[in-house]
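> can't give you the sequence, but here's the structure:
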């Protein structure tokens with residue numbers, strides 16, 4: 001189990017938001033934290049502390065008036081920490097290699113593979129052919145509907161018909177290097193991690209999985225380690241003092 005740092009960028013600024021509140025219309029989101037500190041500044045800190053495998057997420061859609069400002073922030077972060085961070089948000093077969101060339105260790109993909117509510121095997125195969133499975137992270141961020149978790153796309157706004165299960169994890173692991181899973185219903189709330197989801201993810205882990213969502217204190221991090229049996233990596237956003245929270249970044253960085 002290790003800490004994976006994050007840089008979330010929305011409307012051209014580093015932010016922490018409540019995940020389920022993100023909307024394309026009006027570029028809106030409930031914001032926990034916003035700063036004038038550049039994404040490159042955060043990436044430089046992570047590089048200095050030798051924290052690898054974190055993720056940069058572009059939270060604006062490609063149709064947004066803010067997308068280019070958000071993208072430039074992301075590219076600046078990649079440039080100061082080449083090979084140290086992954087990037088996601090609007091990744092397709094056409095631009096994946098460009099982000100790798102710009103310094104990303106991996107690209108993180110959801111909507112290109114799970115689009116219009118369905119799984120598109122052909123798009124996944126195109127990505128693997130273009131950049132190789134060793135450079136691909138599948139974002140299986142999900143929300144609960146009934147008693148099951150379903151993968152959500154388009155900045156977590158749309159449910160797909162793909163129910164998260166051990167079979168889905170096993171099948172998809174053959175096409176990627178890692179999974180990133182945001183527990184969207186608790187993301188950005190620092191009010192506790194999603195135990196039911198963690199129980200699904202920890203069973204027969206087929207490849208490295210990073211869990212994100214709800215860890216709000218050092219005590220909860222210890223609970224997460226017990227619940228996950230140390231099999232899952234984790235990220236903490238809004239609850240870190242770097243982003244206005246109470247958990248000391250230095251404590252987490254030194255784990």
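Structure's in. What do you need? The model shown is predicted, which means the values in this text are computed figures rather than measured ones.

> ok, now which ones touch the residue lying closest to residue 88 once chain neighbours are set aside?
Excluding the flanking residues, the one nearest residue 88 by Cβ to Cβ, 6 or more residues apart in numbering is residue 108, at 2.9 Å. All C-beta atoms are positioned from the backbone trio N, CA, C, and that covers glycine. Counting by Cβ atoms under 8 Å, 6 or more residues apart in numbering, residue 108 makes contact with 55, 57, 86-89, 91, 137-139, 180.

> at 7 Å what do you get?
Each residue near residue 108 by Cβ atoms under 7 Å, 6 or more residues apart in numbering is listed here: 55, 86-88, 91, 137, 139, 180.

> Where does pLDDT dip in the protein?
The chain contains residues with pLDDT under 70 at 18-30, 32, 155, 188-191.

> ok, 50 please
20-21, 23-28 (pLDDT under 50).

> neighbours around residue 36, how many?
Neighbour count for residue 36, taken as other Cβ atoms under 10 Å: 7.

> Can you report how many residues lie near the closest residue in space to residue 200 that isn't next to it in sequence?
Nearest residue to residue 200 in three dimensions, chain neighbours excluded: residue 164, at 6.3 Å (Cβ to Cβ, 6+ apart). When neighbours are defined as other Cβ under 10 Å, residue 164 has 20 of them.

> before we move on, what about residue 171?
The number of residues near residue 171, taken as other Cβ under 10 Å, comes to 13.

> distance of residue 141 from residue 217?
Distance of residue 141 to residue 217, computed by Cβ to Cβ, to the nearest Å: 23 Å.

> Would you point out which residue is most central in the protein?
residue 180 (5.5 Å; Cα atoms, centre = their mean).

> At which residues are the strands of the stretch 1-150 of the chain located?
6-10, 13-17, 31-35, 54-58, 85-88, 107-109, 114-115, 118-119, 136-139, 142-145, 148-153 (DSSP state E, counting those that start in this stretch).

> follow-up on the earlier one: is it true that the residue nearest to the centre of the chain touches residue 137?
Yes. Using Cβ atoms under 7 Å, residue 180 is in contact with residue 137, at 5.5 Å.

> Quick check: closest non-adjacent residue to residue 244.
residue 33 (4.2 Å).

> Run through the bridge partners of residue 183.
Bridge pairing for residue 183 (DSSP bridges) gives the partners residue 142.

> Touching, it and residue 197? I think so.
Yes. Between residue 183 and residue 197 a contact is recorded at 5.1 Å, counting by Cβ under 7 Å.

> more neighbours, these two?
residue 183 (26 against 23).

> does the nearest residue to residue 195 once chain neighbours are set aside sit in a helix, a strand or a coil?
Spatial nearest neighbour of residue 195, excluding adjacent residues (Cβ to Cβ, 6+ apart): residue 227 at 5.8 Å. Per DSSP: H, G, I helix; E, B strand; the rest coil, the secondary structure class of residue 227 is helix.
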